[in-house]
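Colleague: Could you look at this predicted model? Sequence included:
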Amino acid sequence: MNVNMKHSQITRKGKIARLPYELREQVNHHIRDGAPAARLNAILVHNGHDAVSDQNWTNWRQGGYQDWLREQAYLDEIREEYEAVRRQLEAGGFSVLDKAILDVVLDFKSSGLTPDKIASAIAALKTAVNGSERVKIADQRTKLAEQALAFERDKFRFKLAENILRFAKDAKVQEIVARSGSSQEDNIKAILAYMDQVEAAAIKP
Amino acid sequence: MLSRDQKKSLQEAVLEFMAARHKQTFIVSFLASQNGVGRLVDFKFEDVDVAEAIAVLCGLGLVRETRPWGSAVKDYQITDDGAKWRYERQHET
């Protein structure tokens, strides 16, 4: 039964229809078991209500009770369908306790899909989400690494410019650069050695 | 007749209400009353709407049916999974 039970149900206003939900459930179960009107009235009286006429019971059996039977079939169907969805999901390693999954599952009845289709759709969706999250995390890591690299490069360039200015004015460096006959490599080595001396002197207390 | 969103809200309200009282069992008419989930949602609903919400939750294993011995009336109680659902919701923010 794929039709919502409320579509086919009239709001009944008879004496039995106005009884509390659980008492109506009780008498309907007894009607299903074949209880006669006298037994049904005894249940009403036992629960503090007045007995009703045989005609009331006849009307109920033809109307409200038929609605109840349809309602029971509908509720059984819903329960079985959701149970099937849950089983399918659990078989795929998913749980209805997952917020995103439960949100989709609770909407499932209006989707018109069968339980196995909704379960595989959720599983596919979940896998895709997990996959795209992994890609997003990897992207973020790459971006951070690039930013760190750019920062190191800026720091290095700044330090270099600072040192060029500092050593360009240094008499010892000027002397090394002015030496005739030395190769560029020798000059670089001499400057680096001088830089080591300067740094060592700066560290000394 | 309830809309799709109202049905979903009612299902969550029933689950929330029962999970907060996980040791108790409830009948449909109590859940449907103002002392039950009536105060948790802002729309009108009937006993049968609660019965439908419970059917969904039972199917999902979040609520179970407990019928007292000799009674034709069904009681319902939250399952361990239902209680876990509420715990996770409370701690997810």
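Modeller: Happy to help now that I have it.
Colleague: Give me the nearest residue to the closest residue to chain B within chain A, chain neighbours excluded.
Modeller: For chain A, the residue closest to chain B is A:Tyr82, as judged by CB to the nearest CB, at 2.7 Å. Heads up, the C-betas are built off the backbone N, CA and C, glycines and all. Of all residues not flanking A:Tyr82 in the chain, B:Gly59 sits nearest, at 2.7 Å (CB to CB, 6 or more residues apart in numbering or on different chains).
Colleague: now swap in B:Cys58 and tell me
Modeller: The nearest residue in space to B:Cys58 (CB to CB, 6+ apart) is A:Arg79, at 5.3 Å.
Colleague: Mind listing what's buried along the helix or strand that neighbour falls within?
Modeller: Following DSSP states H and E, the helix or strand that holds A:Arg79 is helix A:64-91. For helix A:64-91, a neighbour-count test (16 or more other CB atoms under 10 Å in any protein chain shown) marks A:64-65, A:67-68, A:71-72, A:74-75, A:78-79, A:81-86, A:88-89 as buried.
Colleague: show me the residues around the closest residue to chain A within chain B that make contact.
Modeller: Nearest residue of chain B to chain A: B:Gly59, at 2.7 Å (CB to the nearest CB). For B:Gly59, the contact set (CB atoms under 8 Å, 6 or more residues apart in numbering or on different chains) comprises A:Ile78, A:Arg79, A:Glu80, A:Glu81, A:Tyr82, A:Glu83, A:Ala84, A:Val85, A:Arg86.
Colleague: Could you look up the next helix or strand downstream of the helix or strand bottoming out on mean pLDDT in chain A?
Modeller: Least confident helix or strand of chain A, by mean pLDDT, DSSP states H and E, is helix A:108-111 with a mean of 65. The helix or strand immediately downstream of helix A:108-111 is helix A:115-168, counting by DSSP H and E.
Colleague: I'd like the average pLDDT over that following helix.
Modeller: Averaged over helix A:115-168, pLDDT sits at 80.
Colleague: Any idea how far apart the tips of stretch B:26-37 sit?
Modeller: The straight-line separation of the ends of stretch B:26-37 (CA to CA, to the nearest Å) is 11 Å.
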